[in-house]
Structures are given as structure tokens and as C-alpha cells.
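Engineer: need coordinates for the below:
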Amino acid sequence: MPPGASSRTFSTWWSAVAHEVNDVHRRTRRRVMRSVAMRVAAVLVSFLLVAPALAQPKVPGVTDTEVTLGTSTPLSGPAAAWGNTARGMEAWAAHVNEQGGVHGRKIKLVLKDDGYVPGRAVANVTEMKDSVFAIVGLLGTAIVGAAKDVAINAKTPLVAPFGNARIFVKEPRENMRGVFVTNTDYPPEGEFLGTYAIRQLKAQKLAVFYQNDEYGKGGFDGVRKAAAAAGAQVVGEVSYELSDRALGTHALKLKESGADAVILYPTATHGALILKEMAGQGYRPTILASFTLADPLMFTLAGDLWEGVYVNVAGQVGPITTPEAMRASEILSKYEPRLKGKEYAGLYGAVSMMLTIEGLKRAGRDLTREKFIEALEGIKDWRPEGIGAPITFGPGRRHGLNAVQLMRAEKGKLVPVTGWQVFPPLY
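Structural biologist: Here you go, the predicted model:
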């Protein structure tokens, strides 16, 4: 107490001091509480902003700026000519990207070479399945047959696989949820070629040169069915292995069969080789060929021997001389000059990319695999850039296109012989 102060004065003074101390404590507590409250609020706001992103699983192959697709194809080996389909896919993606992409996202294609070896394709798809949004244009009957389960089990959409459409016939319906097929079925195509040879070209003895796999066997089965129905004969069936390079013996067997028409189900390389071997032995029957040999590259590989050949074009592309196909081919050549003279294969791949991009457009900016699948299911009578025959999918339809058109090689070009031959979808 200050000197000279009374006890009452002291009491008053002490009370004032105590009040001031308590007031300081209250102000301090309020500041601390406000600080804590602000920090808690900041944490809550951050959580509310981040929680939806944490709750929503990441979509494989999708970022804010990019959609990544994958494919496995033969860029090397005996089927390398078919690898131009993937270059067509790349070129069309580049064209779309230059226009801004799809809903603000650019398209990236991861392209892996499998050399047409099933084991390598399985490894490629296994590596990609969880990092790409979809597998597009997987090429080759043996390849698709070996690798399809990897994609299906990972629930990775499989769009426009280029292989025997019958590979998927026995798949449970639930496994086909993300599978969309546009490839022509080989047996009815073979039956159509055989029937045309017999009825229109008046051939009575048929022979088939085919690859010893589901691709070649499917075509051969169709030819055999046509012959049986028309009372004609299949007098020669000559298969080859993909690794075969010397085809002289094969050509001799075809010649000795006495067939007046030979139907081809090989690769482009083996197709050209067998024609040269047959010609070298003085054997020049009427030739008909699967849509797999419709690329202009055959005029280069087989030379004059390709003149007069009857060859199908697939519904996915159709004649490459239509204004729509020629316009698309010019775009492809701009981004990939190596496709000049290989327009059919390039367009075959490009149309698969067009189909995928159409699905991405319809699915919207908030992209998921399920929305993409639903978008593709909604496609009805759709022709990509006006090319080929109409494509139709649906909740109960996964074989969206099954058609061919017969052409004839004349003066370095393919000229239409028939209209579209449309076969029933398999599933």
C-alpha cells in the first residue's frame, strides 16, 4: 500500500489492479480464441474444398488438360503394313488437338509395337491398362484374342479392336460392357467372296490361300460354305504361317489344285508374295481378296499382278475415293506424310479415333469411363466424317458395323463393283 494511504484506499487500489489484470486476461483469451477459431475455420474450408476431390476416384488416363489412349500394333515384322492404322490414329488425334482437343483436353496416344506377336501385345496392354483411359484399335486376330481379357478384367474400354469379330461371341454379357466392335466378320465375308466368284465370275473350282489363325480360318470357312450352297468345289486349301517367307511350295499346291479362282486371306506382304510365286509358275487364276488387302500399298507390293483383283473394302472405311474419304486422307497426310499411298490403312485407324473422340464429346467435360460407355451406346446410324457405312451401338448391341463393299483393281485404283453388303451383327 502506498505510504500514508488508509486501509480503505488500499482496498480500492487493489481492486482496481485486480480488475485491470482480469481485463487483460479476458482480452488475451478472446484474442487466443479468435485465432484458434480462424485456424479451425481455415482447416474446415480447406477440407471442404479438397474432400470432393479425395472422395472422387481418379479416372485413369484423364487430367484437366489431357486424355491418354493406348494401342498395341505391328510397327515391325511381317504385318508391319497394318501398323499404318495406328499412324492414322495418331494423325487424326493431332488434327483434333490443333483444333483445341475435346472439351479443353488434348488427345495423347501411347503407341506400342508388338511385331504381331501375341505375347508382346499382352505385355503392352498389361502395362497400359491402368494408365490409359481406353485401348483403341488393338490390331490382329491373334493379338486381340490374347490381350482382350487383360483389358476386360481391368474394366478398360476396348474400342474398335481390329480382329475376328467372333472372338467376343462367347464373352459373358457383363464382360462386353466396355467393348465396342466395328470389324467385319470374316466368315460371312468369305461366303460373299465365294458366292460372287461362283455366280458372277462363273468359277466352279475354288482355292483359298489363308493365314493359319482365326483370321484366315474364318475366311476359309465362309468360302467353303458358299461352295457347298452353290454346288461348287473347294479344290485347294493352302495355309501358311506368319513366319513363312518362301511361298514357292504354297504356289505350286494352288496351281496343282486346278482352281480357276483363288481367294486370299493373308497379310499384305504374303498376299503380294503368293501372287508373284504363282505368276512365276505360269498360274494366273482369278483373284479375290479380303478387305484386309484393300490398301493402295498392294499396287506397290504386287505391281501389275494386282490389276484385275477383286477385293473388299470394309464398312469402317469404304472406298477411299469418295470426297469424304479423300478429304480425311489429305488431313492425315498433313500430319503423317508416310501415309501417302497407304490411305486405306490410315483411314481405318483414323475412323477408330473418330469414333473414340465422338464418345468423348458426347460424354462431356466431367469424363468417366462409364459416361464414355453410355455415350458410345447412344451412337445410331453415325458415319464418321461421312466415311464408310453407318455405325450403330446400343445397350444390347456391341457389334456396331459388319459390312463390306466389293471393288476391282483397275489402273492403279479400286473401282466399286457392288453396293454395301451388310451382314447381321454378332452381338
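Engineer: which parts of stretch 169-184 are buried?
Structural biologist: By 16 or more other C-beta atoms under 10 Å, the buried positions in stretch 169-184 come out as 176-184. Where C-beta positions appear, they are placed from N, C-alpha and C, glycine not excepted.
Engineer: closest one of these to Lys170?
Structural biologist: Closest approach between the buried residues of stretch 169-184 and Lys170, by C-beta to C-beta: Met176, at 10.6 Å.
Engineer: before we move on, back to that, among the buried residues of stretch 169-184, which two are most distant?
Structural biologist: Using C-beta to C-beta, the buried residues of stretch 169-184 reach their maximum pairwise distance at Arg177 and Thr184, which is 22.8 Å.
Engineer: which residue, other than its chain neighbours, is closest to Ile287?
Structural biologist: Val309 (4.6 Å; C-beta to C-beta, 6 or more residues apart in numbering).
Engineer: please apply the same query to Leu367.
Structural biologist: What sits nearest to Leu367 in space, not counting adjacent residues and going by C-beta to C-beta, 6+ apart, is Val62, at 5.5 Å.
Engineer: got it, and Asp260?
Structural biologist: Leaving out its chain neighbours, Asp260 is closest to Ala203 (C-beta to C-beta, 6+ apart), at 4.9 Å.
Engineer: can you pull the phi and psi angles for the closest residue in space to Glu241 that isn't next to it in sequence?
Structural biologist: Distance criterion C-beta to C-beta, 6+ apart; nearest residue to Glu241, sequence neighbours excluded, is Asn212 at 5.7 Å. The main-chain torsion angles of Asn212 are listed as degrees, to the nearest 10 and equal phi -80, psi 70.
Engineer: would you mind measuring from Asn212 to Gly341?
Structural biologist: Distance, Asn212 to Gly341, by C-beta to C-beta, to the nearest Å: 29 Å.
Engineer: sorry, back to before: now secondary structure and pLDDT too, for the buried residues of stretch 169-184, in JSON lines please.
Structural biologist: As requested, these are arranged in JSON lines below (DSSP: H, G, I helix; E, B strand; the rest coil; pLDDT from 0 to 100):
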{"residue": "Met176", "secondary structure": "helix", "pLDDT": "98"}
{"residue": "Arg177", "secondary structure": "coil", "pLDDT": "98"}
{"residue": "Gly178", "secondary structure": "coil", "pLDDT": "98"}
{"residue": "Val179", "secondary structure": "strand", "pLDDT": "99"}
{"residue": "Phe180", "secondary structure": "strand", "pLDDT": "99"}
{"residue": "Val181", "secondary structure": "strand", "pLDDT": "98"}
{"residue": "Thr182", "secondary structure": "coil", "pLDDT": "98"}
{"residue": "Asn183", "secondary structure": "coil", "pLDDT": "96"}
{"residue": "Thr184", "secondary structure": "coil", "pLDDT": "96"}
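Engineer: tell me, how many residues neighbour Lys411?
Structural biologist: As a burial measure, the neighbour count of Lys411 was computed by other C-beta atoms under 10 Å and equals 7.
Engineer: show me what contacts it?
Structural biologist: Contacts for Lys411 (C-beta atoms under 8 Å, 6 or more residues apart in numbering) come out as Glu307.
Engineer: got it, and Ser333?
Structural biologist: Contacts of Ser333 were listed using C-beta under 8 Å, 6+ apart, and they are 91, 339-340.
Engineer: ranges for the strands of the stretch 1-150 of the chain?
Structural biologist: For the stretch 1-150 of the chain, the strands defined by DSSP state E, counting those that start in this stretch occupy 66-73, 106-113, 134-136.
Engineer: buried residues in stretch 255-269?
Structural biologist: Judged by neighbour count (16+ other C-beta under 10 Å), stretch 255-269 contains these buried residues: 255, 257, 259-269.
Engineer: for Phe192, list the residues it contacts.
Structural biologist: Contacts of Phe192 (C-beta under 8 Å, 6+ apart): 222, 226, 312, 404, 406, 421.
Engineer: which element is the fifth one on?
Structural biologist: When you say that, I think you mean Leu406. With elements delineated by DSSP states H and E, Leu406 resides in strand 403-410, which encompasses its position.
Engineer: and the residue lying closest to Gln204 once chain neighbours are set aside, how many neighbours?
Structural biologist: Of all residues not flanking Gln204 in the chain, Ala232 sits nearest, at 5.2 Å (C-beta to C-beta, 6+ apart). Counted with other C-beta under 10 Å, residues neighbouring Ala232 total 20.
Engineer: wait, Ala232 sits on Ala207?
Structural biologist: No. With the criterion set as C-beta atoms under 8 Å, Ala232 and Ala207 do not qualify as a contacting pair; they are 11.4 Å apart.
Engineer: shaky segments in the stretch 1-150 of the chain?
Structural biologist: Residues of the stretch 1-150 of the chain meeting the criterion pLDDT under 70: 1-57.
Engineer: in it, which spans are helices?
Structural biologist: Listed in chain order, the helices of the stretch 1-150 of the chain (DSSP state H, counting those that start in this stretch) span 7-55, 84-98, 118-128, 141-153.
Engineer: list the buried residues for the last one?
Structural biologist: Under the neighbour-count criterion of 16+ other C-beta under 10 Å, helix 141-153 has 141-148, 150-152 buried.
Engineer: and after that helix, which helix or strand comes next?
Structural biologist: strand 158-159.
Engineer: all strands for the stretch 201-350 of the chain, in order.
Structural biologist: Using DSSP E, counting those that start in this stretch, the strands found in the stretch 201-350 of the chain span residues 205-211, 233-240, 261-265, 286-289, 310-314.
Engineer: out of those strands, which gets nearest to Thr156?
Structural biologist: The closest of these to Thr156 is strand 310-314. By C-beta to C-beta, the value is 24.5 Å.
Engineer: how's this protein carved up into domains?
Structural biologist: Described in terms of automatic domain parsing, the domain architecture of the chain consists of the residue ranges 66-184+320-396, 186-314+409-422.
Engineer: let's have those domains in a markdown table, adding distance to Lys58.
Structural biologist: As requested, these are arranged in a markdown table below (distance: least, C-beta to C-beta, whole Å):
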| stretch | distance to Lys58 |
| --- | --- |
| domain 66-184+320-396 | 10 |
| domain 186-314+409-422 | 36 |
